[in-house]
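*Asks:* any chance you can model this:
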Amino acid sequence: MEEPLGRFVAQVERPEPIKFAWPVVLLGDIFTTVRHLGVLQGYLATIGWEVYAPDLRRSKGPADSFEEMVALAGEALDALGREAIVIGHGMGGLVALRMSERAGVKAAVAYAPLIPGFRPPFVAGLGARIARWRGGMLQAPAGRLGFEMAADADPHMREAIVREMVPDSARIALEIASGQVRISRQARATPRLVIAGERDRFAPADLASRLAHSIGAAYARVEGRGHWLIGGRALERAIAETQRFLVRQLGQELLLLYPEEFRGAGDDDE
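*Replies:* So this is what the prediction gives:
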């Protein structure tokens, strides 16, 4: 369902019961909207997570720079008014890693984050150069390239996923591709995880591994999968890696235990 989140609108899922102490905030990839996060959001809700997917576009259209995208995500988190876990895909994964530098972020997980300094296929063509010269919008990948980007989604959803992609900021794509975006090495005790698909042409696994190492983040690779880790057969593995990481890093604090449950646990130990 839709709910206001400050000046944004968010898709919100609240399972019954909620099993975890903090909500998850989802951030999407370049060219995508909150609709593309629906499968991931639904999966997380089925296992007990309260999940928010803020529509950062609706207030003003796409951000004009990576720093503005980070600021918009931070504004949404501030509007939530609670500590949260941030999970992002693609460009959203890179934003999630940057968000880990903020107070109030308990952990950050990046699925197939775009790699600073790497030029993915959608910025390599003539259309990207024209968009850069004009300072305008980069057209979403279509045809073979679009289907390759969504290749790991469920087959019956791929066409809709590609069709619903939207133009995005050429400036942000080129800032990332040219290496202007920087993610600092872990400055404080916020757990960070990078998950990459073995066959990802848009965010290659070897470069994702280097990125994780350079910033002091944990790393996991999904064998035989590409960029679309937020649906299809890749999703279950990505969620499993996420759950293991969060439980290992956050421990018992992660579980939403009520006072009666704490007392019961203590009685059993005596």
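*Asks:* spell out, range by range, the strands that occur in the stretch 51-200 of the chain.
*Replies:* Here the stretch 51-200 of the chain has its strands, by DSSP state E, counting those that start in this stretch, at 51-55, 84-89, 105-111, 137-138, 168-169, 192-197.
*Asks:* find the centremost residue of the chain, please.
*Replies:* G88 (0.7 Å; CA atoms, centre = their mean).
*Asks:* which residues of the stretch 151-270 of the chain score low on pLDDT?
*Replies:* 186-188, 257-270 (pLDDT under 70).
*Asks:* mind listing the helices for it?
*Replies:* Applying DSSP state H, counting those that start in this stretch to the stretch 151-270 of the chain gives helices spanning 155-163, 170-177, 205-215, 232-250, 259-269.
*Asks:* most packed of those helices?
*Replies:* Per residue and on average, the most neighbours among those fall to helix 170-177, with a mean of 21 (mean count of other CB atoms under 10 Å). C-betas here are computed from N, CA, C, even on glycine.
*Asks:* contacts for that helix, please.
*Replies:* 30, 62-66, 69, 91, 94, 114-120, 122-123, 128, 131-132, 134-138, 181 (CB atoms under 8 Å, 6 or more residues apart in numbering).
*Asks:* could you rerun that using 7 Å?
*Replies:* Residues outside helix 170-177 that contact it (CB atoms under 7 Å, 6 or more residues apart in numbering) are 30, 63-66, 69, 91, 94, 114, 116, 118-120, 123, 128, 131-132, 135-138, 181.
*Asks:* just the C-alphas of it, formatted as CSV.
*Replies:* Taking C-alpha atoms only, helix 170-177 is exported to CSV below (Å, rounded to 0.1, in the frame of the first residue of the first chain):
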residue,chain,number,x,y,z
ALA,A,170,23.0,10.9,-17.8
ARG,A,171,25.0,12.9,-15.4
ILE,A,172,24.6,10.4,-12.6
ALA,A,173,25.5,7.4,-14.9
LEU,A,174,28.6,9.2,-16.1
GLU,A,175,29.6,10.4,-12.7
ILE,A,176,29.7,6.7,-11.6
ALA,A,177,31.3,5.5,-14.8
